[in-house]
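Peer 1: Kindly return the folded structure for what I paste below:
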Amino acid sequence: MPTLASYLTEPSKRQRVLDDCVRMVDEEVSSKGGLTGMAVKAAYGVVKRIKPGFVRGALDSMLDDFANNLDPIFQEHLAKGGSLVDHFVSKKGDVAEALLTITDGRAQRAKGGAAKGAYEKLRPTGKKHVEEAVPRLARMIEQQVR
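Peer 2: Numbering: from 1, shown residues only. The predicted structure is shown next:
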């Protein structure tokens, strides 16, 4: 069976996948409301202003790890069939942990700066935010595997 990485990280597709990932993150951040949403938007805006291109570069550097960590959940979907979105949503806690394992490791190794500070401020609610983003993530992946 094809791996998720074979769909997302293949050189001829990678730039399109990254475009979609950046758009997905932008949309997810824009959709946040309330006080927490204001904090997320502010932190995201700071990172984008201080270091333009940071989000795309970060996603590019983590895309292979994301695809590999999500592959067991993707393989379950392939074995069961049905909707990828429904499957990922039913496993949203596992999806969030698979992604946060990577970002947590990167943040621990970071030397500091605005991005690390923003990550550390938002990390306590990170799993909730990632779980909320799972439907959008799954739809983006679904488009890539068609």
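
Peer 1: in which helix or strand would I find the residue lying closest to residue 67 once chain neighbours are set aside?
Peer 2: Spatial nearest neighbour of residue 67, excluding adjacent residues (C-beta to C-beta, 6 or more residues apart in numbering): residue 5 at 4.0 Å. Bear in mind the C-beta positions are built from the backbone N, C-alpha and C, glycine included. Using DSSP states H and E, residue 5 sits in helix 4-8.

Peer 1: so what pLDDT did the residue nearest to residue 67 get?
Peer 2: Note for residue 5: predicted pLDDT of 97.

Peer 1: doesn't residue 66 make contact with it?
Peer 2: No - Residue 5 lies out of contact with residue 66 (C-beta atoms under 8 Å); the separation is 9.1 Å.

Peer 1: Would you mind telling me which of those two has the busier surroundings?
Peer 2: Of the pair residue 5 and residue 66, residue 66 is the one with more neighbours under other C-beta atoms under 10 Å, namely 22 against 17.

Peer 1: What are the boundaries of the helices in this structure?
Peer 2: 4-8, 11-30, 34-50, 54-80, 84-90, 92-109, 114-122, 126-145 (DSSP state H).

Peer 1: Looking at the ones you listed, which one is packed in the most?
Peer 2: Highest mean neighbour count among these (mean count of other C-beta atoms under 10 Å): helix 4-8, with a mean of 19.

Peer 1: could you dump that helix to PDB, C-alpha only?
Peer 2: Output in PDB follows, covering the C-alpha atoms of helix 4-8 (Å, rounded to 0.1, in the frame of the first residue of the first chain):
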ATOM      1  CA  LEU A   4       1.200   8.900   3.100                       C
ATOM      2  CA  ALA A   5       4.700  10.200   2.500                       C
ATOM      3  CA  SER A   6       4.500   8.900  -1.100                       C
ATOM      4  CA  TYR A   7       1.500  11.300  -1.600                       C
ATOM      5  CA  LEU A   8       2.800  14.300   0.300                       C
END
